[in-house]
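dropping the sequence and predicted coords here.
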Amino acid sequence: MKPKHILLMLSAVVVLSAFAKKEFAVTLDHEFTVDSLGACQGVSRQGNRIFLYGDREVGMIREFRLQKDSLVYTNKEYKLTLNNEDVIGHPTGIAYNGRGPVFIGNSIRLNKEGTLWKAVIYRVNWAGLLKTKTLDGNLLNTIEDDACIQGTRPEYVKYNNKWYVATADYGNKANEVRLYDPEKLANCKKTSDPGVLYKKFTCSPWVQNLHWVADKGVLVLIQNQIEGRKWRFTYVDLKRSIEAGTMQVTAQADINSRADELEGFTFLNGHKGIAVTSSRKNNVNYTNTIW
């Protein structure tokens, strides 16, 4: 093949690659404020039910219904308290798949400077919590996530046709995504107990939350670009990441128009989603993803 032809082929590959990259994009459709959450820490979609959770005077969850382009508050609020005492004060994830045990993550500040944290995962009776609206009688197990490096944010994922609870670190050193066996996690006292940790792989820093896209086998890392600031969505192929031992990125999008702290995200359908932040205003945002 002539050098000229080789050059043309390489140029075509570059152009196609550029177009391929442009096909993935995350845009903000509109933003609005949901009050009474404290600093919103995440969002969990369960069918048509949308749960926003935050760290008001106590850790709490509020339930909404999606109605056209609006979230309609159902007047249902759940306090993560036990005997009127705050237990899950800083909720960092709800692992729910409709069949297995339900877990809620929590980060506990150990010093006033916020440099030392303890990560805890709680197994809860979810149906009971929704019925009685507190953890009283519904806190089934308290698990120290001592296998983590910094923080915990549980989310169900599926690997080789089996469910696992994935979680990730927030810091900027030696970050990992870890997969825990849900049956063993449900009954253990700490995640370093034998058999709890199944697999893990390294990932980039500042992961605030995780979202599993089952039909694509993709785990979305909901991240900050820098500590506590600016939005980043990183899409990783879960199977390939586990097998490689490090995250295998399929797409990534930075939202530079927002400088606040992205905390959580869920898809509503194949393209529309909700992203939440810890800001007091415009803390709920509708997104559109092209991929």
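Cool, got the structure.

shaky segments in this structure?
When residues are selected by pLDDT under 70, those of the chain lie in 1-22, 111, 113-116.

how near is the residue nearest to residue 32 when sequence neighbours are not counted to residue 185?
Once flanking residues are discounted, residue 32 sits nearest to residue 284: 5.7 Å by Cβ to Cβ, 6 or more residues apart in numbering. C-beta: built from backbone N, CA, C; applies to glycine. For residue 284, the distance to residue 185 equals 30 Å [Cβ to Cβ, to the nearest Å].

again with residue 96
Separation of residue 96 from residue 185 (Cβ to Cβ) stands at 14 Å.

ok so, going back, who has more neighbours out of residue 284 and residue 185?
residue 185 (27 against 21; other Cβ atoms under 10 Å).

tell me the helix or strand right after the one helix or strand that one maps to.
When secondary structure is defined by DSSP states H and E, residue 185 falls within helix 182-187. Tracing the chain past helix 182-187, the next element assigned as helix or strand by DSSP H and E is strand 197-202.

check which residues of that following strand are buried.
For strand 197-202, the neighbour count (16 or more other Cβ atoms under 10 Å) marks 197-201 as buried.

contacts only, for residue 231.
Applying Cβ atoms under 8 Å, 6 or more residues apart in numbering, one finds that residue 231 lies in contact with 223-225, 254-256, 258, 262, 275.

go on, residue 24?
Residue 24 makes contact with 235, 251, 253, 289-291, according to Cβ under 8 Å, 6+ apart.

ok, it to residue 189 distance?
Relative to residue 189, and taking Cβ to Cβ, residue 24 is found at 42 Å.

please apply the same query to residue 98.
For residue 98, the distance to residue 189 (Cβ to Cβ) stands at 26 Å.

likewise residue 90?
From residue 90 over to residue 189 (counting by Cβ to Cβ), the distance is 21 Å.

who's more crowded, those two?
residue 90 (21 against 12).

okay, buried residues for stretch 27-44 please.
For stretch 27-44, the buried set under the neighbour-count rule, 16+ other Cβ under 10 Å, comprises 31, 34, 37-44.

quick one: which of those sit in strands?
31, 40-44 (DSSP state E).

ok, so of the residues you listed, who is nearest residue 132?
Residue 132 lies nearest to residue 44 out of those, by Cβ to Cβ, at 18.6 Å.
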